[in-house]
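Undergrad: kindly generate the corresponding structure for this input.
(2 chains)
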Amino acid sequence: MTEHPNSFRNQPDERGHFGAYGGRYVAETLMPLVLDLEREYRAAKADPAFQEQFDDLLEHYVGRPSPLYFAERLTEALGGAQVWFKREELNHTGAHKINNCIGQILLAIRMGKTRIIAETGAGQHGVATATVCARFGLPCTIFMGATDVARQQPNVFRMKLLGAEVVPVDSGAATLKDAMNEALRHWVANVHDTFYIIGTAAGPHPYPELVRDFQSVIGKEARAQMLERTGRLPDLLIAAVGGGSNAIGLFHPFLDDPDVAMIGVEAAGHGIDSGQHAASLTGGAPGVLHGNKTYLLQDEDGQIAEAHSISAGLDYPGIGPEHAWLYESGRVKYLPIGDDEALEAFQLCCRLEGIIPALESSHALAALPKLAGDYGRDQIILVNVSGRGDKDIFTVADKLGVTF
Amino acid sequence: MTRLSSAFAKPHPALVTFITAGDGDTAANLDALVEGGADVIELGMPFTDPMADGPAIQAANIRALGAGTTTAEVLRIAREFRQRHPQVPLVLMGYANPMVRRRPEWFASAAAEAGVDGVICVDIPPEEDDALGPALRAAGIAPIRLATPTTDAARLPQVLEGSAGFLYYVSVAGITGKQQAAQASIEDAVKRFKAATDLPVAVGFGVRTPKQAAAIARVADGVIVGSALVELIGTHGKDAPEHLRELTSALSGAIRTAG
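TA: You can find the predicted model right below:
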């Protein structure tokens, strides 16, 4: 990497900083463990047997590579650039989350850890974690805000079927941020035997780096598939950003392709001006939370604000530190998309492509009508359809005024 | 001699007491701690996401923020405490984000102006010292670091480097106010730290009773009590001062007669 000093792909530095962001802002009790994890991750990365096992599981257990798909009817309807999908919703468990969970549980086993914990918001990361724990026979505890437990009952039941213990968290607004606080509290008291599988490209170094690396399979595949199918690279990549793992996974392998533009879509909820949103870059400011320095929704005293989005997976008041850096460097643009626009895009994708996208991915799809017309018919926009929307049908039905 | 070093130069180990700013009548509660015999005051800065704290201090944070406690209010409480008690050392304890929000230099100089002697930041380890440490040192405030059961011999020098005031030994790997550490493990750890530094070593986490405080006082330079006091504020509200005075006095008496 040293021969490319101007690369966008050589972050973070040895202290885990992406420019001014990232780092290891954790209590002293966790510091030795976080340093251990980094050492173990470096060793695993250099070990061909680790990579081989990871690749094998991705192929035969997750079902990779995921297809690259030309969305013909959506392209026609939008009347601009060709729209292509990276079909992460076809993965086992229905989203990109599993890629990271496979990588992290292999690390946990390598480190001799015997228990797994994780936080979850909507339950997608909880289900993916419970899945890999079942696959490898490790006990699993999932921390989930009590509010989310109440509104995500199908996923709570899925996790239990997979053998996980689900711990409802009552503190704060009882959502994802509070689940993450509680997971950190539990971890600090059980550092000797417990591995924390963080669900997004955030948290203390080396989590943002290793989650990105595990999720980069998305962009590596997409790049090769696109070259094979069309003989060229896409002109624009679009992905939704909550913590930002599916987006960084798609973007990272393309960062040094100067002709590939990238847009991360943040959840604007009821609108940035309403104060009810989850757009940390557009509507937040730099700060420190959950182990890293990054953009946060907060007041002038540094108290963290509650996020809002129709999509539970984007409903978090922070963002991964590499996105904070890419935002400030200008390499990636970030666009806020509100609840209503995402709901429109959800329905459009169902009707035109026969694909029910997750509400998270619907935010990325909702950017298309704003952008497709700026590109010619010979140009290509690639959208990461990061998850399937079966989990969201109750939320969508409720918004559309439908009762079962 | 600084206020902090004077507190640790007394003929008995120091009693260090923690309460959260803005939780109840903080001025009256702080006065009660001093009257009861506290040697060092730790004033908690409330935060929405106190991820190293157990239920008692989490609840105190929620009460304080619910009452509208701002950073300006925390600094006002500190400044007025300093006016009433010119000699009692005062330490702010909390999480990074409220401390760095308006730039670390702003926070350090505002705290110094309010008469604060030291700052404990839970989630800035030595690796991220740049985020706050230089600003505190420039303002003459002691950056007080935490050592834990997971701080091994290889790591200890890094924790001690650049720390001042006293070394805060978090005696259990866990959150505040839960289980207590075995006395033998505390003794071993304190011995290890004393061999490596001239800083006073104070021991906290899970210390609730005069008996525990006395046992720790026999081996350490200071005993830190937080959750047990904070619980009294939660239970007794505006009547908390008399209860705080009573417990502090019992803890202080036990420490002074431990030998």
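Undergrad: contacting residues for the residue in the stretch 101-250 of chain A positioned nearest to chain B?
TA: Chain B sits closest to residue A:189 of the stretch 101-250 of chain A, with a gap of 3.7 Å, by Cβ to the nearest Cβ. (Each C-beta comes from the backbone N, C-alpha and C, glycine too.) Applying Cβ atoms under 8 Å, 6 or more residues apart in numbering or on different chains, we find residue A:189 in contact with B:172-175, B:178.
Undergrad: narrow the residues you listed to those that are buried.
TA: B:172-175, B:178 (16 or more other Cβ atoms under 10 Å in any protein chain shown).
Undergrad: quick one: neighbours of residue A:396, just the number.
TA: Residue A:396: 19 surrounding residues under other Cβ atoms under 10 Å in any protein chain shown.
Undergrad: what residues does the closest residue to it other than its chain neighbours make contact with?
TA: Distance criterion Cβ to Cβ, 6 or more residues apart in numbering or on different chains; nearest residue to residue A:396, sequence neighbours excluded, is residue A:346 at 6.2 Å. Residues near residue A:346 by Cβ under 8 Å, 6+ apart: A:356-357, A:359, A:362, A:365, A:389, A:392, A:396.
Undergrad: which one of these sits in the busiest neighbourhood?
TA: Neighbour-wise, the contacts of residue A:346 (other Cβ under 10 Å) top out at residue A:362, 31 neighbours.
Undergrad: mind checking the SS state of it?
TA: Per DSSP: H, G, I helix; E, B strand; the rest coil, the local secondary structure of residue A:362 is helix.
Undergrad: re earlier: from the contacts of residue A:346, which land in helices?
TA: Counting by DSSP state H, these place A:359, A:362, A:365, A:396 in helices.
Undergrad: was I right to think the last one contacts residue A:389?
TA: Same thing as residue A:396. Yes - if you go by Cβ atoms under 8 Å, residue A:396 and residue A:389 touch, sitting 7.5 Å apart.
Undergrad: any shared contact partners between those two?
TA: Shared contacts of residue A:396 and residue A:389 (Cβ under 8 Å, 6+ apart): A:346, A:359.
Undergrad: before we move on, the earlier item: and which of the contacts of residue A:346 is nearest residue A:330?
TA: Using Cβ to Cβ, residue A:365 comes nearest to residue A:330 of the contacts of residue A:346, at 24.3 Å.
Undergrad: number of residues surrounding the residue lying closest to the closest one once chain neighbours are set aside?
TA: Excluding the flanking residues, the one nearest residue A:365 by Cβ to Cβ, 6+ apart is residue A:345, at 4.0 Å. Residue A:345 has 24 neighbours, counted by other Cβ under 10 Å.
Undergrad: elements contacting the longest helix seen in chain B?
TA: With DSSP H setting the assignment, residue counts place helix B:240-257 as the longest helix in chain B. Judged by 3 or more Cβ pairs under 8 Å, 6 or more residues apart in numbering or on different chains; DSSP states H and E, the packing partners of helix B:240-257 are strand B:14-20, helix B:26-36, helix B:210-217, strand B:222-225, helix B:227-236.
Undergrad: neighbouring strands of the shortest one in the sheet, and parallel or not?
TA: In the sheet containing strand B:222-225, its partner strands are strand B:14-20 (parallel), strand B:201-204 (parallel), by DSSP bridges.
Undergrad: need the residues that contact the first one.
TA: The one in question is strand B:14-20. Applying Cβ under 8 Å, 6+ apart, the contact partners of strand B:14-20 are B:7-8, B:26, B:29-30, B:33, B:37-44, B:46, B:57, B:60-61, B:63-64, B:91, B:93, B:200, B:202, B:204, B:213, B:221-226, B:229-230, B:233, B:244, B:248, B:251-252, B:255.
Undergrad: just to revisit the earlier point, could you say which of the strands paired with strand B:222-225 is packed most deeply?
TA: Burial of these is given as mean neighbour count (mean count of other Cβ atoms under 10 Å in any protein chain shown); strand B:14-20 ranks first at a mean of 28.
Undergrad: quick check: closest non-adjacent residue to the spatially most central residue of chain B.
TA: The residue lying closest to the centre of chain B (Cα atoms, centre = their mean) is residue B:42, at 3.8 Å. Take residue B:42 and drop its neighbours on the chain: the residue closest to it by Cβ to Cβ, 6+ apart is residue B:18, 4.1 Å away.
Undergrad: same question for residue B:45.
TA: The nearest residue in space to residue B:45 (Cβ to Cβ, 6+ apart) is residue B:94, at 3.3 Å.
Undergrad: next: residue A:160.
TA: Spatial nearest neighbour of residue A:160, chain neighbours left out: residue A:166 (6.3 Å); criterion: Cβ to Cβ, 6+ apart.
Undergrad: kindly report the same for residue B:210.
TA: residue B:254 (3.5 Å).
Undergrad: tell me the contacts of residue A:393?
TA: residue A:356.
Undergrad: confirm residue A:179 sits in a helix?
TA: Yes - the assignment for residue A:179 by three-state DSSP puts it in a helix.
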